[in-house]
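Undergrad: build me a structure from this.
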Amino acid sequence: MLRQLVSYGVRQGLIEEADAIWAYNGLLSVMGLEGGEGPAPAEPPLPLEEMLDILTADAVKRGVCGDDIDSRDRFDTALMGVLTPRPAAVRETFARLYGESPKAATDWFYAFSGDTNYIRRRRVAKDVRWTVETDYGTLDMSINLSKPEKDPKAMAALRHAKNTAYPLCALCVENEGYAGRPGHPARQNHRIIPLTVAGERWYFQYSPYVYFNEHCILLSDAHRPMTITPTTFRRLLDFVTQFPHYFMGSNSDLPIVGGSIQTHDHFQGGCYVFPMERAAEERTFTVPGFEGVTAAVLRWPLSVLRLRGADREAVARLADHILAAWRGYSDPSAEILAQSEGEPHNTITPIARRRGTDYELDLTLRNNRTTAEHPPGLFHPHEEIHHIKRETIGLIEVMGLAILPPRLKEELRAVEELLVSGGDLTASPLTAPHALWAEDLRQKHVFTAENVHQLLLSEVGRTFAAGLEHAGVFKCTDEGRAAFRRFTDSL
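TA: Sure, this is the predicted structure:
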């Protein structure tokens, strides 16, 4: 099997034929073996994941690898690390292909990241995906089976936690080639590409979880907290200048509305058209002094301003103006306070893309207030939908792609069975959290074995849409739109 894996590396261009013996000996070392395997069999090769499964199972049996998922992942990553080219070679290939076109470079690097099993394609393929029609257009839905559900309070606490480990977090540049440790993934098969963005050194990589096509990450070379500043807009616009086929956006820089890893400054992007990109413009307006940039309010559950213009610096300057205005903006009648007891509440989730020769920058207005009625966050999914969605609404979900927790796959299957049979939804720990919601659905639909699955997926989508509405600071009501106009008029 080791020789089959070596042959795979040669076929995929990870190593040269001249590297075969060297790579075989490296794999022997990881496996804790002394050799003796014959030539690779002539029959069609097994898929990469199956070869790694067989080799890892053998290592577990011999006590070379632990029998838990964390240990197994670190072990098969060590195997792939033997076949993964050195960083200098990867960067050289990327630069050469970028000379042909930015898309040629990213096409190659994305395929490479899957060929090395850094992107675990088999796991990603198991994610459950569907779409749902809502008042805001078609939303994209997914139950992500690659990552566990996160507690928003724990995520917020991490921002202030002291960490002296190496690497400091999963986004640090020091992860490239790192062997991992319990609780921190191995990354021998991980490669990153240095870029100059807005005059600074940043690094480009793909997400190992790829929530959408070519889901990439742009990360700072320094381990520093997320911030949204005028420089943020220029970094995003510079990136889409260099890679016009990609969008690039940032999570917010405050707990509750921030999402993702807030301890390391980074952006996320890719080659994907999100539902928000297709959203209609509800109204347009012009900000005095910025007549060359079109501004619009989107028809979207969150509160989004879209800026568009051919001059990227003019777009960035208007974004600066809006950020400064929003940081200090309060409207108690809309429950918006800029700060309380010295804690700032207002920030922005920005997304940049190209629209032909124009630059387009979406600015999603966020507020992280908590209240006695809504302790997890006033502009956060409310408690009545936490059985479906309790994590923060971050960048990806702002744009209309739901990333729902793995537990839902089994829980929703159990709910389906009881909706059809008429059983007690409160009797099982799998269905009890969904009982009130599902009982309401019984009043709306007649469930059968044939329709229950699709109806339930549609209702999950509508519940997600409600969570996005909760996160909107200006509601999609007459009162909310009037409040939104008061803010844009203030600009």
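
Undergrad: now do the contacts for the closest residue to E335 other than its chain neighbours.
TA: Excluding the flanking residues, the one nearest E335 by C-beta to C-beta, 6 or more residues apart in numbering is L378, at 6.3 Å. Every C-beta, even on glycine, is put in place using the N, C-alpha and C of the backbone. By C-beta atoms under 8 Å, 6 or more residues apart in numbering, the contact set of L378 is 335, 367, 369-371.

Undergrad: looking at those residues, which are in strands?
TA: N367 (DSSP state E).

Undergrad: quick check, Q268 in a strand?
TA: Yes - if the criterion is DSSP: H, G, I helix; E, B strand; the rest coil, then Q268 is within a strand.

Undergrad: show me what it is bridged to.
TA: On the basis of DSSP bridges, Q268 takes part in beta bridges with I217, G249.

Undergrad: distance of it relative to R308?
TA: Distance of Q268 to R308, computed by C-beta to C-beta, to the nearest Å: 21 Å.

Undergrad: ok, L491 next?
TA: Remark: distance between L491 and R308 (C-beta to C-beta) = 16 Å.

Undergrad: in stretch 9-19, what counts as buried?
TA: Residues of stretch 9-19 classed as buried: 9-10, 14-15, 19 (neighbour count, 16 or more other C-beta atoms under 10 Å).

Undergrad: in this structure, which helix is the longest?
TA: The residue-count maximum for a helix in the chain (DSSP state H) belongs to helix 452-471.

Undergrad: contact partners of it?
TA: So helix 452-471 is contacted by 130-136, 139, 141, 257, 301-302, 366, 379-382, 385, 388-389, 393, 397-398, 400, 402, 404, 408, 412, 415-416, 419-420, 437, 441, 445, 447, 475-476 (C-beta under 8 Å, 6+ apart).

Undergrad: the domain parsing of the protein - what is it?
TA: Domain assignment for the chain by automatic domain parsing gives 2-83, 150-401+480-490.

Undergrad: need the ones you listed in JSON lines (columns: mean pLDDT and distance to F464).
TA: Shown next, in JSON lines, are those (pLDDT from 0 to 100; distance: least, C-beta to C-beta, whole Å):
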{"stretch": "domain 2-83", "mean pLDDT": "93", "distance to F464": "28"}
{"stretch": "domain 150-401+480-490", "mean pLDDT": "94", "distance to F464": "6"}
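
Undergrad: what's the closest of the ones you listed to R91?
TA: Closest to R91 of the domains of the chain is domain 150-401+480-490 (C-beta to C-beta; 5.9 Å).

Undergrad: off-centre distance for that closest one?
TA: The chain centre lies 11 Å from the centre of domain 150-401+480-490; the measure is C-alpha atoms, centre = their mean, to the nearest Å.

Undergrad: and the nearest residue to Y206 once chain neighbours are set aside, how far from E214?
TA: Once flanking residues are discounted, Y206 sits nearest to S113: 4.6 Å by C-beta to C-beta, 6+ apart. According to C-beta to C-beta, S113 and E214 sit 10 Å apart.

Undergrad: which residues do these two both contact?
TA: Common neighbours of S113 and E214 (C-beta under 8 Å, 6+ apart) are Y206.

Undergrad: more neighbours, the two?
TA: With neighbours defined as other C-beta atoms under 10 Å, S113 and E214 compare such that S113 has more, 23 against 18.

Undergrad: so which elements touch the strand or helix carrying that one?
TA: Assigned by DSSP states H and E, S113 belongs to helix 102-115. If you count contacts as 3 or more C-beta pairs under 8 Å, 6 or more residues apart in numbering; DSSP states H and E, helix 102-115 packs onto helix 87-100, strand 200-206.

Undergrad: now for the longest one, which elements pack on it?
TA: This points to helix 87-100. Using 3+ C-beta pairs under 8 Å, 6+ apart: helix 87-100 touches helix 102-115, strand 193-197.

Undergrad: which one of the ones you listed is the most hemmed in?
TA: helix 102-115 (a mean of 18; mean count of other C-beta atoms under 10 Å).

Undergrad: just the helices in the stretch 201-350 of the chain please.
TA: 230-242, 312-327 (DSSP state H, counting those that start in this stretch).

Undergrad: in a markdown table: those helices, plus mean neighbour count.
TA: What follows is the helices of the stretch 201-350 of the chain, written out as a markdown table (neighbours: other C-beta atoms under 10 Å):
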| stretch | mean neighbour count |
| --- | --- |
| helix 230-242 | 21 |
| helix 312-327 | 19 |
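
Undergrad: turn those into JSON lines, columns for distance to L361.
TA: As requested, these are exported to JSON lines (distance: least, C-beta to C-beta, whole Å):
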{"stretch": "helix 230-242", "distance to L361": "7"}
{"stretch": "helix 312-327", "distance to L361": "5"}
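
Undergrad: for those, which one sits closest to G35?
TA: That would be helix 230-242 among the helices of the stretch 201-350 of the chain, by C-beta to C-beta, at 46.9 Å.

Undergrad: what angle sits between that closest one and helix 102-115?
TA: 100 degrees (axes from the mean of the first three to the mean of the last three C-alpha atoms, to 10 degrees).

Undergrad: I figured I15 hits G26, correct?
TA: No - look at I15 against G26 with C-beta atoms under 8 Å: they stay out of range, at 10.0 Å.

Undergrad: and A314, which of the helices and strands packed on helix 102-115 is closest to it?
TA: Ranking those by proximity to A314 (C-beta to C-beta) places strand 200-206 first, at 21.5 Å.

Undergrad: strand partners of that closest one, parallel vs antiparallel please.
TA: Taking DSSP bridges as the criterion, strand 200-206 forms sheet pairs with strand 193-197 (antiparallel), strand 216-220 (antiparallel).

Undergrad: what comes into contact with the last one?
TA: Outside strand 216-220, the residues within contact range by C-beta under 8 Å, 6+ apart are 106, 171-173, 192, 195, 197, 200, 202-207, 235, 239, 246, 248, 264-270.
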